[in-house]
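J.: 3D model of this:
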Amino acid sequence: MKILTQKFNTKHNTAPFSQIKLEDYQPAFDENIAKARAEIDAITNNPEAPTFENTIEALDYSGENLDRLSSIFFNLNSAETCDEMQKIAQDVSPLLTAFSNDIALNEDLFKRVKAVYEQKEKLNLSPEQATLLDKKFKSFSRNGALLSEDKKILLREIDTVLAKLKLTFGENVLAETNSYKLHISNEDAIKGLPEGAKEMARSLAKSDELDGWMFTLDFPSYLPFITYVENRELRKEIAIAAGRKAFQGNDYDNQENVKNIVALRHDRAKLLGYKSHSHFVLEERMAQTPEKVQSFLNDLLEKAKPAAEKEFAELTAFAKELDGIDKLEKWDGAYYSEKLKQKLFNLDDEILKPYFKLENVLNGAFTIAEKLFGITFKEVFDIDKYHENVQTFEVLDFENQLAAIFYADFFPRKGKRNGAWMTSFKPQYIKNDINERPHVSIVCNFTPPTETKPSLLTFNEVTTLFHEFGHALHGMLANTTYPSLSGTSVYWDFVELPSQVMENWCYEPEALALFAKHYETGEIIPQQYVEKIKESASFLEGMATMRQLSFGLLDMAYHGKSQSIENVKAFEKNAMGNTVLYPDVEENCMSVSFSHIFQGGYSSGYYSYKWAEVLDADAFAYFQENGIFNKEIATKFKENILSKGGTELPMELYKRFRGQEPKPEALLKRAGLI
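T.: Numbering: from 1, shown residues only. Below is the predicted model of the structure:
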């Protein structure tokens, strides 16, 4: 336990994963919470008059041990969990919620913060200090510091219940994902499936001591199946299984959890004086109001809908012509999209995959970061890791000084949730003149290597790697004084800019030449493939945009106004009604596994993917005008966006980089919608 309650005696102060035992966590949380409480008490009871340094700064630097422990524990609970760990999460989450509530509702501490806040005009603060002061004041006012005592108690109760509900929601989705297995013993049944996917399915079956082929709802298994398998009935079976996760009336059903989370979020917002959860959330976003988000989504919907309906009609006609399909269903979408894509562009993931060996793609991302931002990546083998598949790197700046530690965790396994994400084990900040460097991680679920082939990525997996790597750069190149303003600690609708802008390099011949090399021959990807990748980038973009907008509209429907939800499925159908292309599947419901908004931090924030696309298209247009490796533009991006974290208002940072506010034209043009 001691190991988790003090500074780590490791290289670069990295997490000592192999020395941590599950039974260490609970006592370590108890001790670190007690230490953090003592630090808060010292700030609160300081006999000296409140100043920026002894109150605001001291608060931001407090609880360092607890923050590191929480990062380690909850990151592993997503990437390397087990039943026992999930049980610990259920036990410690209420303790952490209670602790943060104790700070937020500490009247004497708030008085000190308020005293500094009220004299801010006279304090001659830097922009970063002014932002920190504003955030600290709001962290109290937005968390109930101005409430009466009885309402404070109610707020604590709501927060404790919400913390547990969100955890349970995620555990149910993971349990349902893990419980489904489709075992096939007849090879004819999976006709059309590429060899690599077959080989992976064979090793999955083997790991369960079965002959034949095994398929699960993990994306690297599910996606090739739904995209390539000719057997329509089997596609239907696995698609319905994916769509009914946590919607089966069993112990893992999330319908009541959805209703309760939504209701409690609204109760909390009302208690704090806001009209709805969305009004509360968006006060701290670039978009600022639900009305602005709604009009942003509807405006895009108006532009995308005609294109989406035209594309859907073309896809339907194609399926009819090819296989006599009268009605296109959800389990047909990926299959016929892929077939149509092959027909139009003669471009197939299977043709491209040999050019996207994982190691080469990762090195390509590293080379691009070096060309743009002057950093280099060196794989090291003396840093502890939490699973043998994790790779560890030292990131060095142009002076050969340590800029960051980078962890990469690429393959699916039991105990790792689906999807891809970037996270951090230690933030960057400056204290006592020491610039503490960050420890950043990306976690993905890519196609693993097989007995005969290395890990070969689909083009979608390539863009996913670059996306998460963009988030990682935001963390690794951080250069701020205060931990709470560092790296990706920015407004939620700004956080996707660095990640989404990095995806653009995947479509550029100059960038692809650096890493898209055939894994056997070393041949650089042929120019005609590059042209087809670019041409096909906006293939069915109208339909893809409609899908994203449907999620954003559903999120806003849940959180934009208080209401009682009788039936989750009916509510979802109504909210997404204006974006529907495929017939509804009665057994399926998306909300109950919509982890982004019910477990993650995207409630009232799903629109931010599209919002950030406007920013990223506009930003990349600036690179294109001046050269995609233009050092001057890259330096402006690094100094005004990547290194600045949340130290100033995002629009101010963006305008400093770009010289103007972003315009949506670049996105609409890129998407082929104008």
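J.: low-confidence ranges, the stretch 501-650 of the chain, go.
T.: The model of the stretch 501-650 of the chain has no residue with pLDDT under 70.
J.: give me the beta-bridge partners of the most centrally placed residue in the chain?
T.: Taking CA atoms, centre = their mean, the centroid of the chain lies closest to residue 421, which sits 4.6 Å from it. Beta-bridge pairing of residue 421, defined through DSSP bridges, involves residue 443.
J.: for it, list the residues it contacts.
T.: Counting by CB atoms under 8 Å, 6 or more residues apart in numbering, residue 421 touches 78, 442, 443, 468. Where C-beta positions appear, they are placed from N, C-alpha and C, glycine not excepted.
J.: which of those residues lies closest to residue 158?
T.: Nearest to residue 158 among the contacts of residue 421, counting by CB to CB, is residue 78 at 24.4 Å.
J.: return the per-residue confidence for the nearest residue to that closest one once chain neighbours are set aside.
T.: Nearest residue to residue 78, sequence neighbours excluded (CB to CB, 6 or more residues apart in numbering): residue 417, at 5.3 Å. pLDDT, residue 417: 88.
J.: next: residue 671.
T.: Confidence score, pLDDT, at residue 671: 86.
J.: neighbours of the closest residue in space to it that isn't next to it in sequence, how many?
T.: Closest residue to residue 671 apart from its sequence neighbours, by CB to CB, 6+ apart: residue 541 at 4.4 Å. Using other CB atoms under 10 Å, residue 541 has 19 other residues around it.
J.: nearest spatial neighbour of residue 629, chain-adjacent residues omitted?
T.: residue 371 (5.0 Å).
J.: the one you found contacts residue 628, doesn't it?
T.: No - using CB atoms under 8 Å, residue 371 is not in contact with residue 628; the gap is 9.3 Å.
J.: more neighbours, those two?
T.: residue 628 (19 against 16).
J.: the more buried one contacts residue 511, correct?
T.: Yes - Residue 628 lies in contact with residue 511 (CB under 8 Å); the separation is 6.6 Å.
J.: now for the longest strand along the chain, which elements pack on it?
T.: Assignment by DSSP state E gives strand 402-409 as the longest strand of the chain. If contacts are counted by 3 or more CB pairs under 8 Å, 6 or more residues apart in numbering; DSSP states H and E, strand 402-409 sits against strand 391-396, strand 421-426, strand 439-443, helix 459-476.
J.: now with 7 Å?
T.: For strand 402-409, the elements it packs on are strand 391-396, strand 439-443, helix 459-476, judged by 3 or more CB pairs under 7 Å, 6 or more residues apart in numbering; DSSP states H and E.
J.: now do residue 302 against residue 668, distance only.
T.: Distance, residue 302 to residue 668, using CB to CB, to the nearest Å: 11 Å.
J.: mind checking which of those two has more residues around it?
T.: residue 668 (18 against 9).
J.: isn't there a helix covering the more buried one?
T.: Yes - under DSSP: H, G, I helix; E, B strand; the rest coil, residue 668 sits within a helix.
J.: which residue comes closest to it once chain neighbours are left out?
T.: Among residues not flanking residue 668 along the chain, residue 674 sits closest, at 4.3 Å (CB to CB, 6+ apart).
J.: that neighbour: neighbour count?
T.: So residue 674, with other CB under 10 Å, has 11 neighbours.
J.: surely it touches residue 664?
T.: No - using CB atoms under 7 Å, residue 674 is not in contact with residue 664, being 9.4 Å away.
J.: among the helices and strands packed on strand 402-409, which is nearest residue 603?
T.: So among those, helix 459-476 is nearest, using CB to CB, at 19.4 Å.
J.: can you pull out the strands in the stretch 201-350 of the chain?
T.: For the stretch 201-350 of the chain, the strands defined by DSSP state E, counting those that start in this stretch occupy 213-215.
J.: report the residue spans of it with pLDDT below the cut-off.
T.: Those would be none, if you go by pLDDT under 70 across the stretch 201-350 of the chain.
J.: how about the longest helix anywhere in the chain: buried residues?
T.: Secondary structure of the chain per DSSP state H: the longest helix is helix 290-323. For helix 290-323, a neighbour-count test (16 or more other CB atoms under 10 Å) marks 290, 293-294, 296-297, 300-301, 303-305, 307-308, 311-312, 315-316, 318-319 as buried.
J.: report the buried residues of stretch 351-363.
T.: Here stretch 351-363 shows 352, 353, 354, 355, 356, 357, 358, 360, 361, 362 as buried, counting by 16+ other CB under 10 Å.
J.: measure that stretch end to end?
T.: This stretch, stretch 351-363, spans 21 Å end to end (CA to CA, to the nearest Å).
J.: any idea how far that stretch is from the chain center?
T.: 23 Å (CA atoms, centre = their mean, to the nearest Å).
J.: cool, and stretch 140-155?
T.: 30 Å.
J.: same question, stretch 439-446
T.: For stretch 439-446, the distance to the chain centre is 11 Å (CA atoms, centre = their mean).
J.: what residues does it touch?
T.: 14, 75, 79, 218-220, 358, 404-412, 418-426, 455, 457, 461, 464-465, 468-469, 472, 475-476 (CB atoms under 7 Å, 6 or more residues apart in numbering).
J.: what about 6 Å?
T.: 79, 219-220, 404-410, 412, 418, 420-426, 461, 468, 472, 475-476 (CB atoms under 6 Å, 6 or more residues apart in numbering).
J.: now the buried members of those.
T.: 79, 219-220, 404-410, 412, 418, 420, 422-426, 461, 468, 472, 475-476.
J.: tell me what angle the helix or strand containing residue 528 forms with helix 459-476.
T.: Using DSSP states H and E, residue 528 falls within helix 527-536. Relative orientation of helix 527-536 and helix 459-476, computed by axes from the mean of the first three to the mean of the last three CA atoms, to 10 degrees: 80 degrees.
J.: next helix or strand past helix 527-536?
T.: Next helix or strand after helix 527-536 toward the C-terminus (DSSP H and E): helix 541-559.
J.: tell me the angle of that next one relative to helix 290-323?
T.: Using the same axes, to 10 degrees: helix 541-559 against helix 290-323 is 140 degrees.
J.: list the contacts of residue 201.
T.: Residue 201 makes contact with 213, 214, 215, according to CB under 6 Å, 6+ apart.
J.: not counting its neighbours along the chain, what's nearest the last one?
T.: I take that to be residue 215. residue 182 (4.3 Å).
J.: burial measure for the one you found, as a count.
T.: Residue 182 has 19 nearby residues by other CB under 10 Å.
J.: quick one: it and residue 195, what's the gap?
T.: Using CB to CB, we find residue 182 at a distance of 19 Å from residue 195.
J.: and for residue 31?
T.: 53 Å.
J.: neighbour count winner among the two?
T.: In terms of neighbours (other CB under 10 Å), residue 31 is the more surrounded of residue 31 and residue 195; the figures are 18 against 11.
J.: OK, contacts around that one?
T.: residue 5.
J.: and for residue 143?
T.: Contacts of residue 143 (CB under 6 Å, 6+ apart): residue 104.
J.: helix or strand for it, which one?
T.: Applying DSSP H and E, one finds residue 143 in no helix or strand.
J.: could you number the chain from 836 rather than 1 from now on?
T.: Sure, I'll start numbering at 836, so the last one becomes residue 978.
J.: coming back round to it: the residue nearest to residue 913 looks like it's in a helix, true?
T.: No - Residue 1252 sits outside any helix when classified using three-state DSSP, being coil.
J.: so it makes contact with residue 912?
T.: No - using CB atoms under 6 Å, residue 1252 makes no contact with residue 912, being 9.0 Å away.
J.: picking up where we left off before, counting neighbours, which of the contacts of residue 1256 comes out on top?
T.: Top of those by neighbour count (other CB under 10 Å): residue 1277, with 24 neighbours.
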